[in-house]
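>>> Pasting a predicted model and its sequence here:
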Amino acid sequence: MLVALVAGGCGSAAPNSGPTTSSPITASSSATITTSTTSTTSAPTTSTTVGLTPANGPETVLSPIGLNVRKGPSRSAAVVGTAAQGTVLQVLGRTSVGGGWYKVQGETVTGWISADRSLSAPGRFGSYTPPSNAFSVLFPAGWTVAGSPRSGVTFKAPTSPEKVVITTAPSLTKLPSVRQGAGVSQNSSQQVVACGVTAYLSTYTTATPDKFLADVALRLDPHHALGMKANLTSLSQLPTVLEFVNSVSFPFPECIGGPTTTTTTTATHGKPQIKAHARGTTTTG
């Protein structure tokens, strides 16, 4: 699947907004959770004795503002910790109670997170922020990254033609868009919210076998826009595009919590790991 995401650029570039290198960027494997120190005496206690469906594997937090880890599978359960964007949690099981919840384990906390696909996704992800800090985004583990925001940052899958390109521009009209030429027709449109900004993600069919298109354009303010464009080998791969949409962050008031920042730590066995931390104190879930 070929995915191209395009992010609308921001007026003048920051002094350090030169092109990024084309070397691969490794995926994040952090699993840190901040333990809650806020009093929860007023929150109802929810029993964690529920029927669990077997489930396992890593789950990565996509939400730019982080995700609450709760004592039980309910939004009324006490918050026992918060997981920042990019945190990798190990799934212990899931339940359909209350709209769906995962029981997860972090480095220091075991609890429950919402199974809402807009908040987290299975697998591990890398974190990317260009030198200009125009945006930040998570991408599937194993993908490589090259380019710059103005010319296009390309995220490429390791074993398929699928790729994602994020480009910046000063307005919606300057964003690359799907040209509905011969054989191209709109297939569907759905509303999406990218870090507080609402837009429509549209998909298109083409005359070429196994080639589908998708795009979304976000107006951040009068001088900044963020757009996403995708080429897919199947419309069933659209969730990959939505993972980019759900994790993208940008340094404007519209983006609650602001962009993520990263700090490098040393994990066990001496392997460097990237831990992502979202700005702001508000979390979801």
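Nice, I can see it.

>>> what about the residue lying closest to residue 192 once chain neighbours are set aside, how many residues close to it?
In this structure, residue 192 finds its nearest non-sequential neighbour in residue 201, 4.8 Å apart by CB to CB, 6 or more residues apart in numbering. Using the backbone N, CA and C atoms, a C-beta is placed for each residue, glycine as well. The tally of other residues near residue 201 (other CB atoms under 10 Å) stands at 20.

>>> Residue 201 against residue 239, yeah?
No. Counting by CB atoms under 8 Å, residue 201 sits too far from residue 239 to count as a contact (11.3 Å).

>>> Is it correct that residue 210 is in contact with residue 236?
No. Here residue 210 does not reach residue 236: they are 11.5 Å apart, not a contact under CB under 8 Å.

>>> buried residues in stretch 103-111?
103-104, 106, 109-111 (16 or more other CB atoms under 10 Å).

>>> In CSV, please show the C-alpha coordinates belonging to it.
Output of stretch 103-111 as CSV, limited to C-alpha atoms (Å, rounded to 0.1, in the frame of the first residue of the first chain):
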residue,chain,number,x,y,z
LYS,A,103,-6.0,-4.7,30.7
VAL,A,104,-2.4,-3.6,30.3
GLN,A,105,0.9,-3.6,32.1
GLY,A,106,3.5,-0.9,32.1
GLU,A,107,6.9,-0.7,33.8
THR,A,108,5.3,0.2,37.2
VAL,A,109,1.5,0.1,36.8
THR,A,110,-1.1,-2.5,35.8
GLY,A,111,-4.5,-1.2,34.9
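
>>> Could you work out the end-to-end span of stretch 198-212 for me?
End-to-end distance for stretch 198-212: 23 Å, by CA to CA, to the nearest Å.

>>> And it, what's buried?
Neighbour-count burial for stretch 198-212 [16+ other CB under 10 Å]: 199, 201-204, 206, 211-212.

>>> Identify, from these, the entry nearest to residue 160.
residue 211 (12.9 Å; CB to CB).

>>> Next one: that closest one from residue 203, what distance?
12 Å (CB to CB, to the nearest Å).

>>> Common neighbours of these two, please.
Common neighbours of residue 211 and residue 203, using CB atoms under 8 Å, 6 or more residues apart in numbering, are residue 232.

>>> Please identify the helix or strand for the residue nearest to residue 192.
strand 197-205 (DSSP states H and E).

>>> Remind me what that strand packs against, helices and strands.
strand 185-194, strand 212-221, strand 224-232, helix 238-247 (3 or more CB pairs under 8 Å, 6 or more residues apart in numbering; DSSP states H and E).

>>> name the helices or strands packed onto the last one?
For helix 238-247, the helices and strands in contact under the criterion 3+ CB pairs under 8 Å, 6+ apart are strand 120-122, strand 137-140, strand 163-166, strand 185-194, strand 197-205, strand 212-221, strand 224-232.

>>> what does the fourth one contact?
So that's strand 185-194. By CB under 8 Å, 6+ apart, the residues outside strand 185-194 that reach it are 118, 180, 198-205, 212, 216, 218, 226, 235, 242, 245-246, 248.
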